[in-house]
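Chemist: Kindly generate the corresponding structure for this input.
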Amino acid sequence: MQTFTAIRSFAFQYPKTIALVTVTGVGLFSVKKWMAGGVCRSKASLNGKTVLITGANTGIGKETAVDLAKRGARVILACRDMDRANKAAEDVRKSSGNDNVVTMKLDLASLQSVRQFAKEVLASEQRLDILINNAGVMSCPKWQTEDGFEMQFGTNHLGHFLLTNCLLDLLKSSAPSRVVSVSSLAHEKGQIHFDDINQDKDYHPWKSYRQSKLANVLFTRELAKRLQGTGVTTYSLHPGVIRTELGRHFMPTIPLWKRVVFAPLKYLLKSPTEGAQTTIYCAVQESLQNESGLYYSDCAPKTAAPQGLDDEAAKKLWDLSASMVGLT
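Modeler: Have a look, this model is predicted:
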């Protein structure tokens, strides 16, 4: 009673302060709700289906795994760090109540690892219903993959390009099946630098990241054309701005004072669960079964940037990528 009286007294003495706090709180709540974006409301069951998710040991990949495991799928977590992968698998099993969750080692920065991984999948799995190309790196220094490719283009695009092609026969035999590639809004400022694909002449972390995300969109578009009539459909998407480990290379480059000033804003970003919704939507939404090659955001189709709709560039990128990874 005394607490209530004190609050009422404060409100009476400082009505403008109370009004400001209330308006601010409502405003932040509204922004947070808007940032959370769409929600996948499909109740589709995945009993008897097999799902493969790259980079599923953390972030939206892990949350996607939990959701699809809850739907009854056999879920394969394809990860580079097996210690973290095994720990994530335990969490997914516990959260979903589904024990049919396994881990397999995959390093997308190594073509040899991709080929070995695909060989093991083909030997151990009778079907593959959903392939989710989720793993990625963002705004890292000028690093190279094992095969000498620029790290972001090599990991985010080339590794998934080769993996998908190596598993296409299994996807086709499991049709109707889906390939979902996690891109980014960053593709809108991206450009494919065909004359300097590894950016040896002019490297910038964000320039490279945007190129790799545009490559995801163009890959999805060209793949859809090549898979017409097979029952395998493809989708690319922007998951949103999310609180995950993806920015681990980018954040240390920001001045400390900016990190301090903007730290509270991170609570307005999507959580990994919210960020996984569009991936899940593309993987299970029944109405998408007859759509392919499109781009999505907040659980709805969205028109990609003009350079993401360039069919000539998509084919050129495919041919270049096939040459780079040695795909015949």
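Chemist: so where's the stretch 201-328 of the chain shaky on pLDDT?
Modeler: By pLDDT under 70, the weakly predicted segments of the stretch 201-328 of the chain are 242-268.
Chemist: Please enumerate the helices of it.
Modeler: 205-226, 256-262, 272-275, 277-284, 311-325 (DSSP state H, counting those that start in this stretch).
Chemist: shaky segments in the stretch 1-150 of the chain?
Modeler: Counting by pLDDT under 70, the stretch 1-150 of the chain contains low-confidence ranges at 1-36.
Chemist: rerun that using 90 as the cut-off
Modeler: Along the stretch 1-150 of the chain, the parts satisfying pLDDT under 90 run over 1-37, 139.
Chemist: Tell me who's in contact with the residue nearest to residue 37 when sequence neighbours are not counted.
Modeler: Leaving aside its chain neighbours, residue 37 sits nearest to residue 298 (4.0 Å; criterion: C-beta to C-beta, 6 or more residues apart in numbering). (C-beta placed from N, C-alpha, C; glycine too.) Listed by C-beta atoms under 8 Å, 6 or more residues apart in numbering, the contact set of residue 298 reads 37-38, 240, 277-278.
Chemist: picking up where we left off before, make JSON lines out of the helices of the stretch 201-328 of the chain and add mean neighbour count.
Modeler: Below are those laid out as JSON lines (neighbours: other C-beta atoms under 10 Å):
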{"stretch": "helix 205-226", "mean neighbour count": "23"}
{"stretch": "helix 256-262", "mean neighbour count": "9"}
{"stretch": "helix 272-275", "mean neighbour count": "21"}
{"stretch": "helix 277-284", "mean neighbour count": "26"}
{"stretch": "helix 311-325", "mean neighbour count": "17"}
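Chemist: which one of these lies closest to residue 69?
Modeler: Checking those against residue 69 by C-beta to C-beta gives helix 277-284 as the closest, at 11.5 Å.
Chemist: then that closest one to CSV, C-alphas only?
Modeler: Output of helix 277-284 as CSV, limited to C-alpha atoms (Å, rounded to 0.1, in the frame of the first residue of the first chain):
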residue,chain,number,x,y,z
GLN,A,277,11.5,-17.5,-39.0
THR,A,278,12.0,-16.7,-42.7
THR,A,279,14.4,-19.7,-43.1
ILE,A,280,11.8,-21.9,-41.5
TYR,A,281,9.1,-20.4,-43.7
CYS,A,282,11.0,-21.1,-46.9
ALA,A,283,11.7,-24.7,-45.6
VAL,A,284,8.1,-25.7,-44.7
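Chemist: residues in contact with the closest residue to residue 166 other than its chain neighbours?
Modeler: Nearest residue to residue 166, sequence neighbours excluded (C-beta to C-beta, 6+ apart): residue 118, at 3.6 Å. Residue 118 sits next to 163, 166-167 when contact means C-beta under 8 Å, 6+ apart.
Chemist: Wait, a strand at residue 118?
Modeler: No - read with DSSP: H, G, I helix; E, B strand; the rest coil, residue 118 is helix and lies in no strand.
Chemist: how close does it sit to residue 228?
Modeler: According to C-beta to C-beta, to the nearest Å, residue 118 stands 23 Å off from residue 228.
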